[in-house]
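>>> Quick one: sequence and predicted model below, then my questions.
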Amino acid sequence: MNDRHGVERRGLKRVVVTGAAGFIGSHVVDALLAEGVTVVGVDRRDPGGDPVAAANLAVALGSPDFTFVVADLRTCPLAALFLQADAVFHFAGLPGVRGSWGERFAEYTACNVFATERVLAACEEVRVPRLVYASSSSVYGSILEGASGEKRTPTPESPYAVSKLAGEQLCLAHAGKASSAVTAVALRLFTVYGPRQRPDMLIGRALVAALGGPALNLYGSGDQRRDFTYVGDVVRAAIAAATAGIGSTVLNIGAGVSTSVLDVLAAIEELTGHPVRVNRLSAEAGDVDATLADRSRAGELLGWKPRTALVQGISRQLAHLTANSPQLANA
Ligand code: NAD
Ligand code: UGA
């Protein structure tokens, strides 16, 4: 079956989403359930004791088509969970760039590299046909000029970025084995934002600061630039990557617009009508100067392009925040 972009599509009946209780994973779960797919979510965070996980999964947990399994991918048996899955969306991982130096790197390697290897081995064992992996724009390091295309040699600048690149390479190595039935599509996601964004990230923190919460810790000059990408656009790309009749590959998923942190703060001040209070701190190691996606390959192979402009996406994140944090809405 071909879609309206001429891309051949495979159907999805039953899938597994790792990192299902997280920011992006929970949106992937919701979108798949809305399409009538049976979803098994796996995460080590238990909504029973973790309010963020509970909020992220609030809709999904009410669906008869959703099963949630609290499990740690570093140790739990996986093959039985993956049996008869049409695709595994591997979105579990330790995500922060700046916290990945020093002692925490052991946990980064375990959750981002070792766990990914286990997920891939289980996909091979029960012959899952497609794995979609949440890779990262951070594998590129800073852009020197123009947009980063997938052929650009990666120059990761943080331990986190090294771990995500290692996960990506593991995907391609497993998919390349002659005995393997799995095809892997690694999506290099560029700074994702929107409702349920992780609380350590810029846009959520700046919105909270504008609404009277703690001041934003601003790292460096604020001239650093990011290709901020709306979570709904990322979800559409992930589902397209699971269904497209393509071989194993790596694809950029970014809005294709690079915006400075200071410009984001100005947009938030305009939207909220309040100043964003900041504590100025020095730049953090591993924080790259700029990112920008060349998204033409995702357009060609997935028929994907972003639909959400930055101000529109921030407005949705603001509306979600005020609806779910009454103390901020009244500030
Ligand atoms: P998140 O922290 O909200 O979600 C990740 C989830 O993975 C968490 O719920 C966590 O409990 C789970 N997890 C981590 N280690 C696990 C383990 N060992 N076993 C089981 N569950 C485990 O983060 P997010 O922002 O939603 O990111 C999701 C993925 O996308 C990550 O792999 C991240 O590296 C990648 N990514 C995120 C962004 C972004 O801007 N948010 C950009 C590029 C790539
Ligand atoms: C984001 C995600 O957090 C990573 O998990 C992901 O891998 C990465 O995108 C990616 O694109 O691959 P980052 O770009 O650092 O990482 O996103 P934010 O945390 O939103 O930070 C954006 C910019 O704002 C950074 O320069 C950061 O230093 C700055 N910032 C962030 C602050 O000044 N203060 C904060 O409190 C948070």
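Yep, that arrived. Keep in mind that what you see is a predicted model, and the values were worked out from it rather than measured. Ligands and ions are numbered 1, 2, ... in the order given.
>>> Can you pull the residues of the stretch 201-331 of the chain lying near ligand 2?
When proximity is defined as C-beta under 6 Å from any ligand atom, the stretch 201-331 of the chain approaches ligand 2 at 201-202, 205, 216-219, 224, 226, 261, 284, 287. (Each C-beta comes from the backbone N, C-alpha and C, glycine too.)
>>> The residues you listed in strands, which ones?
Among these, the members falling in strands are 216-219, 226 (criterion: DSSP state E).
>>> Got a PyMOL select line for the buried ones in the residues you listed?
Buried residues within those, by 16 or more other C-beta atoms under 10 Å, are selected in PyMOL with:
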select buried, resi 216+218+219+226
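>>> Tell me which two in the residues of the stretch 201-331 of the chain next to ligand 2 are the farthest apart.
N217 and R226 (16.3 Å; C-beta to C-beta).
>>> The stretch 101-250 of the chain: helices as residue ranges?
According to DSSP state H, counting those that start in this stretch, the stretch 101-250 of the chain carries its helices in the segments 105-108, 115-125, 159-176, 202-210, 231-243.
>>> Could I get these in CSV, plus columns for mean neighbour count?
Formatted as CSV, these follow (neighbours: other C-beta atoms under 10 Å):
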stretch, mean neighbour count
helix 105-108, 16
helix 115-125, 21
helix 159-176, 21
helix 202-210, 23
helix 231-243, 23
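>>> Can you say which of those is nearest to D30?
helix 231-243 (8.2 Å).
>>> if we can go back for a sec, looking at the helices of the stretch 101-250 of the chain, which is nearest to L321?
helix 202-210 (5.5 Å).
>>> The closest one packs against which elements?
Judged by 3 or more C-beta pairs under 8 Å, 6 or more residues apart in numbering; DSSP states H and E, the packing partners of helix 202-210 are strand 192-193, strand 216-219, helix 261-272, helix 310-324.
>>> Contacts made by that helix with the rest, please.
By C-beta atoms under 8 Å, 6 or more residues apart in numbering, the surrounding residues in contact with helix 202-210 are 191, 193, 197-199, 214-217, 226, 228, 261, 264-265, 268-269, 272, 274-278, 314, 317-318, 321, 325, 328.
>>> Of those residues, keep whichever come out buried.
Among these, those buried by neighbour count (16+ other C-beta under 10 Å) are 191, 193, 197, 216, 226, 228, 261, 264-265, 268, 272, 276, 278, 314, 317-318, 321, 328.
>>> Mean pLDDT for the helices of the stretch 101-250 of the chain - can I get that in a markdown table?
Shown next, in a markdown table, are the helices of the stretch 101-250 of the chain (pLDDT from 0 to 100):
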| stretch | mean pLDDT |
| --- | --- |
| helix 105-108 | 96 |
| helix 115-125 | 98 |
| helix 159-176 | 98 |
| helix 202-210 | 98 |
| helix 231-243 | 98 |
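>>> With respect to ligand 1, which of those lies nearest?
helix 115-125 (4.8 Å; C-beta to the nearest ligand atom).
>>> between that closest one and helix 159-176, how big is the angle?
10 degrees (axes from the mean of the first three to the mean of the last three C-alpha atoms, to 10 degrees).
>>> Does helix 115-125 reach ligand 1?
Yes. Contact of helix 115-125 with ligand 1 (C-beta under 6 Å from any ligand atom) involves A115.
>>> Would you confirm that R277 contacts A215?
Yes. At 4.0 Å, R277 counts as touching A215 under the criterion of C-beta atoms under 8 Å.
>>> which residue does the protein bring closest to ligand 1?
Of all residues in the chain, G22 sits closest to ligand 1, at 2.0 Å by C-beta to the nearest ligand atom.
>>> Confirm that V88 lies within a strand, as I assumed.
Yes. Under DSSP: H, G, I helix; E, B strand; the rest coil, V88 sits within a strand.
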